[in-house]
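Enquirer: coordinates for the following, if possible.
(chains A, B, C and D)
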There are 2 protein chains.
Amino acid sequence: MARIQKHVGVELRFERPLVTVDVIIFTVLDEQLHVLLVQRPETRGEPFPGRWALPGGFIDVGQDRDLLQCARRKLKAKTGVSSPYLEQLGSWGSADRDPRGWSATHAYFALAPIGHLELRVESQEDGTFLPTMWAPVDEALGMSLAFDHGEILQAAVERLRGKVEYTSLPAFLLPEPMTLPQLQHVYEVVLGRALDKSAFRRRMLDAGFLEEAGTVSMGGRVAQGFRLRDRREPTVFPRSFKAAE
Amino acid sequence: MARIQKHVGVELRFERPLVTVDVIIFTVLDEQLHVLLVQRPETRGEPFPGRWALPGGFIDVGQDRDLLQCARRKLKAKTGVSSPYLEQLGSWGSADRDPRGWSATHAYFALAPIGHLELRVESQEDGTFLPTMWAPVDEALGMSLAFDHGEILQAAVERLRGKVEYTSLPAFLLPEPMTLPQLQHVYEVVLGRALDKSAFRRRMLDAGFLEEAGTVSMGGRVAQGFRLRDRREPTVFPRSFKAAE
DNA sequence: TCAATAGTGTCTATAAGACAATATACC
DNA sequence: GGTATATTGTCTTATAGACACTATTGA
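Expert: I've put the predicted structure just below:
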């Protein structure tokens, strides 16, 4: 058929790049922002053997209907979490980021609630396993990751820190019910600086993205528990935390 | 029909998707935000024949070193502009967005100064030409574009309108030297609402991204001309224009 | 002088920062 | 009561909105 011939034509003119999806999964552990890393296999022919990398891999055109679904599949395979906050970060593609050829990756970033995580070792098709770990982001950034994953992680951290200044994103890093002191603590960990208690509470409550949900005791006075009204999208505040320089 | 590759296992296991880059090029004409569209060829076998689409196409792994360079190449081919503001918008990939197979596109959006534009008709390899036009975005959004370009354009317009609330982006839509009344007018066109003159001027001047550059006469009092200090990145304002509902 | 456009001054409103004060829990 | 944590109150500050006012150019 002419149509099919023409399609073949397109494919002959343009060599197809490799296409992958990578996921940057953040959580807060031990007062620090952490990111999930997976060790590259030592198998012959695999690029960057033994190096740490972001979890991800090739799109399976038979299994993945779209990019987001592919990202969710990879996220679930690594953490067991099926519905955390997930947003597209961007794409990186070039002739030299993968020694196997011209490749493009679609990066997504995810925020996983602390304590809701059961790490799963990566199972390879050949029956081997790949080590997985939570690395503090500041360490991970100095680690010389596989591919251009250092650059991608850098962009993810900048995006997260940037958005934390004016959105409710950190709420996705906490299990429910959460308290305002807990939430403030997560903000402070991600931003790397202290925030004023009073201003923080006003801001969160005025934004209206929380609803009351029981009480939580943490050793002193019992705290009000809260739940997110919307688990899909963060709330945008009218101003940034740090107004001026 | 898997293509024979010299590289190992990976490529035998995973069929490669089609990879393209599309560019959303905005400008302001006749008091309205416009976007550049290209008509799809009528050639047999081409998808969406005769429909309007965003300019773009396949990555040429021989010619394009990376995604950004590919976007710049396509931008220059259509408008002749070589260094406008260009940022990545996101990527769209799925099994059904292109009838030729699983495909992923990397979308970039560009802001081109009014008056610096010479439209070039798209020259095909077979010697034919493709019609090109500036369409008002509101019309383009109702047009049923090729592929998922309607959805991509929608995202681009939302991103632009969103960023215009708290960045100096509209300055990239004006040639230099520009005046504050001109800049305010572009803001108003993009946002679709009027802004207060006094507050606008304070905000722009306090942000410090403009430097004086001669004077410009527009029929009444002579206006101060300005130039951008940095043609690469917009300035982010500490607050949004519309603080509250 | 008038029309048209550019630019300024001043008051108010909103929300953030600083920081002191009060409230509730458990021992 | 004492300690630890949660919550509130009040004053100041930064910047946006409203809107009236002044300034400069050309016909």
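Enquirer: can you name the next helix or strand after the least confident helix or strand in chain A by mean pLDDT?
Expert: Within chain A, no helix or strand scores below helix A:2-13, which has a mean of 44 by mean pLDDT, DSSP states H and E. Helices and strands here follow DSSP states H and E; after helix A:2-13, the next one along the chain is strand A:18-29.
Enquirer: near chain B at all, that next one?
Expert: Yes: Strand A:18-29 comes into contact with chain B (Cβ under 8 Å from any Cβ of the partner chain), by way of A:18-19. For glycine as for every other residue, the C-beta is placed from the backbone atoms N, C-alpha and C.
Enquirer: same check, this time on stretch A:48-59
Expert: Yes: residues of stretch A:48-59 are located near chain B by Cβ under 8 Å from any Cβ, namely A:58-59.
Enquirer: now do the same end-to-end measure for that stretch.
Expert: Chord length of stretch A:48-59, first to last residue, is 19 Å (Cα to Cα, to the nearest Å).
Enquirer: before we move on, what about stretch A:140-158?
Expert: End-to-end for stretch A:140-158, by Cα to Cα: 14 Å.
Enquirer: that stretch: which residues count as buried?
Expert: Neighbour counts using 16 or more other Cβ atoms under 10 Å in any protein chain shown place A:140, A:145-150, A:152-153, A:155-157 of stretch A:140-158 among the buried residues.
Enquirer: any idea how far residue B:213 is from the nearest residue to residue A:81 once chain neighbours are set aside?
Expert: The shortest distance from residue A:81 to any non-neighbouring residue, by Cβ to Cβ, 6 or more residues apart in numbering or on different chains, is to residue A:112 (5.3 Å). Residue A:112 is 50 Å from residue B:213, where distance means Cβ to Cβ, to the nearest Å.
Enquirer: ok, these two, which is more surrounded?
Expert: Using other Cβ atoms under 10 Å in any protein chain shown as the criterion, residue A:112 and residue B:213 rank with residue A:112 on top: 24 against 14.
Enquirer: doesn't residue A:26 make contact with that one?
Expert: Yes: in this structure, residue A:112 is within contact of residue A:26 by Cβ atoms under 8 Å, at 7.0 Å.
Enquirer: shared neighbours, those two?
Expert: Shared contacts of residue A:112 and residue A:26 (Cβ atoms under 8 Å, 6 or more residues apart in numbering or on different chains): residue A:173.
Enquirer: name the single longest helix found in chain A.
Expert: Determined from DSSP state H, the single longest helix within chain A is helix A:149-164.
Enquirer: what angle do that helix and strand A:18-29 make?
Expert: 50 degrees (axes from the mean of the first three to the mean of the last three Cα atoms, to 10 degrees).
Enquirer: is helix A:149-164 up against DNA strand C anywhere?
Expert: No: for helix A:149-164, no contact with DNA strand C is found by Cβ under 7 Å from any atom of the strand; the gap never falls below 12.4 Å.
Enquirer: and that helix, how far from the chain's centre?
Expert: On the basis of Cα atoms, centre = their mean, to the nearest Å, helix A:149-164 sits 9 Å off its chain's mean C-alpha point.
Enquirer: do the same with stretch A:70-86
Expert: For stretch A:70-86, the distance to the chain centre is 9 Å (Cα atoms, centre = their mean).
Enquirer: could I have it exported to CSV, CA atoms only?
Expert: The C-alpha trace of stretch A:70-86 is given here as CSV (Å, rounded to 0.1, in the frame of the first residue of the first chain):
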residue,chain,number,x,y,z
CYS,A,70,5.6,5.0,31.5
ALA,A,71,6.9,7.2,34.4
ARG,A,72,4.2,5.8,36.7
ARG,A,73,5.2,2.3,35.8
LYS,A,74,8.9,2.9,36.6
LEU,A,75,8.0,4.7,39.8
LYS,A,76,5.8,1.9,41.0
ALA,A,77,8.4,-0.7,40.2
LYS,A,78,10.9,1.1,42.4
THR,A,79,8.9,2.3,45.4
GLY,A,80,5.6,0.5,45.3
VAL,A,81,3.9,3.9,45.6
SER,A,82,1.3,4.2,42.9
SER,A,83,-0.1,7.7,43.3
PRO,A,84,2.3,10.2,44.7
TYR,A,85,2.7,13.7,43.2
LEU,A,86,4.3,13.4,39.8
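Enquirer: not counting it itself, show me its contacts.
Expert: A:21-23, A:25, A:36, A:38, A:55-57, A:59-60, A:63-64, A:68, A:106, A:108-113, A:116-120, A:122, A:132, A:169, A:172, A:231-232, A:234.
Enquirer: next: stretch A:199-219.
Expert: With Cβ under 8 Å, 6+ apart, stretch A:199-219 has contacts from A:168, A:171, A:176-184, A:187, A:222-230, A:234-235, A:237.
Enquirer: out of the residues you listed, list just those in helices.
Expert: In this view, these that belong to helices under DSSP H are A:180-184, A:187.
Enquirer: export these as TSV, with columns for distance to residue B:164 and neighbour count.
Expert: What follows is the ones in helices among the contacts of stretch A:199-219, written out as TSV (distance: Cβ to Cβ, whole Å; neighbours: other Cβ atoms under 10 Å in any protein chain shown):
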residue	distance to residue B:164	neighbour count
A:180	33	17
A:181	37	15
A:182	35	21
A:183	30	20
A:184	32	19
A:187	27	23
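Enquirer: for those residues, give me CSV that also has pLDDT and distance to chain B.
Expert: Shown next, in CSV, are those (pLDDT from 0 to 100; distance: Cβ to the nearest Cβ, whole Å):
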residue, pLDDT, distance to chain B
A:180, 96, 22
A:181, 96, 27
A:182, 95, 28
A:183, 96, 23
A:184, 96, 21
A:187, 96, 18
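Enquirer: reformat these as JSON lines; add distance to DNA strand D.
Expert: Shown next, in JSON lines, are those (distance: Cβ to the nearest atom of the strand, whole Å):
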{"residue": "A:180", "distance to DNA strand D": "4"}
{"residue": "A:181", "distance to DNA strand D": "3"}
{"residue": "A:182", "distance to DNA strand D": "7"}
{"residue": "A:183", "distance to DNA strand D": "10"}
{"residue": "A:184", "distance to DNA strand D": "8"}
{"residue": "A:187", "distance to DNA strand D": "14"}
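Enquirer: alright, that wraps it up for me.
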